[in-house]
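Asker: predicted model, plus sequence, below.
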Amino acid sequence: MDQVVFESVSKVFRHRPALFNWVGRERTGETLALHDVSFSVANAEVVALLGPNGSGKTTTLKLISTMLLPDAGSVRAGGFDARHDPSMVRRQVGIAVATERSFFPRLSSRENLEFFAALDEVPRGERHGRIEEVLRETGLEEQADTLVMKFSSGMYQRLGLARALVKRPRVLLLDEPTRSLDAAATAQSWATIGALARQNATIFLATHNFAEAAAVANRVLLLHRGKLLTDRVIADGESAEKLRALYFRLTGEPVVGEAQEADLIHRAGAVT
Amino acid sequence: MNSTLDKLYAILRRDVLTAIRHRSGFVVTLVGVFTELTAFYYLSRAIGPGFRPDGVAYFPFLLVGTGLYTFFVMSAQAFLSAVQDAQQTGTLEVLMTTSTAPAEIIILSAISAFAGSLTNLLVYIFAGVAVFRAAIHPNYLSCLVVLLLSLVVALAVGIFAATVQIMFQKGAALLWLLGSGLWLLSGATFPLHSLPQPLGILARAIPFAYAIEGMRGALLDGKSMGAMGPTVLPLAMFGLVLLPIALAGLSLSLRRARQSGTLSFY
């Protein structure tokens, strides 16, 4: 069964001019975030959303989660229309956002999870067990009773994933889930994503990390300036380098190879 | 129903834990209450016992007027802060992706915010009576009815402030209006019949004036429900009209923000 369906979806952000725009230089006009995008994703698929900054990856996730509504076309998740049945969609979808501060800073990670579990209508009897489980899965057991205002950005990232997992969503949306994680935590997150897919969850992964896409996804959607350039299966054992080559060939972005990327990082380090 | 109570408990728990972990917050609030009451006590003594607005001593008149008006302003402010903080920290967007309807989250948050303001009002009145010996003759049923209707009006005002914040990112403008123009017309510190006639008529279009007048009648004069009709009925009408309008406005503003992508703008 298709869990997420986009049919000719377009999304435009309008920049309304300020009252006294002659004082400053605020941008006016429109930004086309998504243009006529269609795809469908079935149970247990792990989809990597690739694309440069501003290509429409986060907008795609926000549309599935009902944070945004489409201007044209339709978005369906878990069999429900995001415009007409948003509450039913939200019951099926969990989102782990990259925003580090989207928690209540003076609550511990356990208290934050208890709060969101209540709003996600996780049955009271199951809440404690599920929270312990996701704390273990995300490696936050030792920080369970630490106020999150004392967390590092990597811990916030793990807690974001834990929050999305507590309600056991059928569709899981991950926005750069390993951006601030160390190598061990990244491997743990990839293992968690793999395990969820085996349990039939549909997973969207917005990322700039080709190695991550190659390691955990079995399909790639490549977006560029709001348009879907390609929708293809990632073959077993397909390398990150092959995905990187595809990305640069289709987007027309200036090519940066792995060696060049490492060299640029090295030089930046030398300058600072 | 169980699920809604469960969510309300979660929100109350979050707010209580956050408040008590701001260690100095309670002390500052208590000091503020006693400083204000002391100022009003000596102001009423300076004016003298001859000044008896609406037939009651000036200190209890001020106690009820400023206490209730502060309750309205604090409720709106606490509610608005909850929405603004959630926008600034990024929690608002995440809250809007939970299984709970956005309007339900905002209303439950409002109830939680009011619990704090209501506690503050009760402490204020209790301190005024116990420490500063304000004379009261309460009719408890009338007090309860006026308080409940005041809560409905405060809920509507809080939701209006949240709506203005979500739609125009300018919820503070409503607070400014509450703190200035409406304060003048509420009768919090002087009787409304002292105002010139046009302002007096304008004051009658403001629900706070009825709430304050009603609470003075119920708490200071011991008026029965039968005698409170001219105050309670308009207050009830305001609640019946304002609350559905506020809820419809909130629903519209949330939908617009999700369409335009401005939910987290502040």
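Answerer: Cool, got the structure. Numbers count the residues shown, from 1 in each chain, chains lettered A, B, ... in the order given.

Asker: which residues touch the closest residue to chain B within the stretch 101-250 of chain A?
Answerer: When you check the stretch 101-250 of chain A against chain B by Cβ to the nearest Cβ, the closest residue turns out to be A:Ala118, at 3.5 Å. Any C-beta I mention is one placed from the backbone N, CA and C, and that applies to glycine too. A:Ala118 makes contact with A:Arg127, B:Asp6, B:Lys7, B:Tyr9, B:Ala10, according to Cβ atoms under 8 Å, 6 or more residues apart in numbering or on different chains.

Asker: okay, these in JSON lines with pLDDT, secondary structure and distance to B:Gly90 next?
Answerer: Shown next, in JSON lines, are those (pLDDT from 0 to 100; DSSP: H, G, I helix; E, B strand; the rest coil; distance: Cβ to Cβ, whole Å):
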{"residue": "A:Arg127", "pLDDT": "95", "secondary structure": "helix", "distance to B:Gly90": "24"}
{"residue": "B:Asp6", "pLDDT": "93", "secondary structure": "helix", "distance to B:Gly90": "24"}
{"residue": "B:Lys7", "pLDDT": "93", "secondary structure": "helix", "distance to B:Gly90": "20"}
{"residue": "B:Tyr9", "pLDDT": "93", "secondary structure": "helix", "distance to B:Gly90": "24"}
{"residue": "B:Ala10", "pLDDT": "94", "secondary structure": "helix", "distance to B:Gly90": "19"}
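
Asker: which of those are buried?
Answerer: For the contacts of A:Ala118, a burial check counting by 16 or more other Cβ atoms under 10 Å in any protein chain shown picks out A:Arg127, B:Asp6, B:Lys7, B:Ala10.

Asker: could you pull out the strands for the stretch 1-150 of chain A?
Answerer: Assigned by DSSP state E, counting those that start in this stretch, the stretch 1-150 of chain A shows strands spanning A:2-15, A:29-42, A:46-50, A:72-77, A:80-81, A:93-96.

Asker: near chain A, which residues of the stretch 51-200 of chain B are found?
Answerer: B:89-91, B:93-101, B:105 (Cβ under 8 Å from any Cβ of the partner chain).

Asker: now, which of those sits nearest A:Phe13?
Answerer: B:Glu93 (15.0 Å; Cβ to Cβ).

Asker: which helices and strands does the biggest helix by length in chain A pack with?
Answerer: Taking DSSP state H as the criterion, chain A has its longest helix at helix A:183-198. Secondary-structure packing of helix A:183-198 (3 or more Cβ pairs under 8 Å, 6 or more residues apart in numbering or on different chains; DSSP states H and E): strand A:46-50, helix A:153-166, strand A:171-175, strand A:202-206, helix A:210-216.

Asker: contacts for that helix, please.
Answerer: A:44-46, A:137-139, A:154, A:158, A:161, A:165, A:172, A:174, A:177-178, A:181, A:203, A:205, A:212, A:215-216.

Asker: list only those of those residues flagged as buried.
Answerer: Using 16+ other Cβ under 10 Å, the buried ones in the contacts of helix A:183-198 are A:45-46, A:137-139, A:154, A:158, A:161, A:165, A:172, A:174, A:177-178, A:181, A:203, A:205, A:212, A:215-216.

Asker: from those residues, which are also near chain B?
Answerer: Okay, of the buried ones among the contacts of helix A:183-198, nothing touches chain B (Cβ under 8 Å from any Cβ).

Asker: which residues of the stretch 51-200 of chain A lie near chain B?
Answerer: A:62, A:65-69, A:71, A:87, A:90-91, A:93, A:95, A:97, A:99, A:101-107, A:111, A:114-116, A:118-121, A:124, A:147, A:163, A:167.

Asker: filter those residues down to the buried ones.
Answerer: A:62, A:65-69, A:71, A:90-91, A:93, A:95, A:97, A:99, A:102-107, A:111, A:114-116, A:118-121, A:147, A:163, A:167.

Asker: inside helices: which ones of the residues you listed?
Answerer: A:Lys62, A:Arg90, A:Arg91, A:Glu111, A:Glu114, A:Phe115, A:Phe116, A:Ala118, A:Leu119, A:Arg163.

Asker: pLDDT-wise, which helix or strand of chain B ranks last?
Answerer: helix B:171-179 (a mean of 74; mean pLDDT, DSSP states H and E).

Asker: one step back: any chance of TSV for the helices and strands packed on helix A:183-198, columns mean pLDDT and distance to B:Thr119?
Answerer: Converted to TSV, the helices and strands packed on helix A:183-198 look like this (pLDDT from 0 to 100; distance: least, Cβ to Cβ, whole Å):
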stretch	mean pLDDT	distance to B:Thr119
strand A:46-50	94	48
helix A:153-166	90	30
strand A:171-175	93	40
strand A:202-206	94	44
helix A:210-216	89	50
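
Asker: between the ones you listed, which gets nearest to B:Ala218?
Answerer: Of all the helices and strands packed on helix A:183-198, helix A:153-166 comes closest under Cβ to Cβ, at 46.3 Å.

Asker: how far off centre is that closest one?
Answerer: 12 Å (Cα atoms, centre = their mean, to the nearest Å).

Asker: tell me which residue of chain B lies closest to chain A.
Answerer: Using Cβ to the nearest Cβ, B:Ala10 is the residue of chain B that sits closest to chain A, at 3.5 Å.

Asker: just checking, that residue touches A:Phe115?
Answerer: Yes - in this structure, B:Ala10 is within contact of A:Phe115 by Cβ atoms under 8 Å, at 5.1 Å.

Asker: can you list the residues that contact stretch B:123-139?
Answerer: By Cβ under 8 Å, 6+ apart, stretch B:123-139 touches B:30, B:33-34, B:37-38, B:41, B:57, B:59-60, B:63-64, B:67, B:70, B:218-225.

Asker: same thing but at 7 Å, please
Answerer: For stretch B:123-139, contacts defined as Cβ atoms under 7 Å, 6 or more residues apart in numbering or on different chains pick out B:33-34, B:37, B:41, B:57, B:59-60, B:63, B:67, B:218-224.

Asker: equivalent analysis for stretch B:190-206, please.
Answerer: Outside stretch B:190-206, the residues touching it (Cβ under 7 Å, 6+ apart) are B:Pro53, B:Asp54, B:Leu182, B:Leu185, B:Ser186, B:Gly187, B:Ala209.
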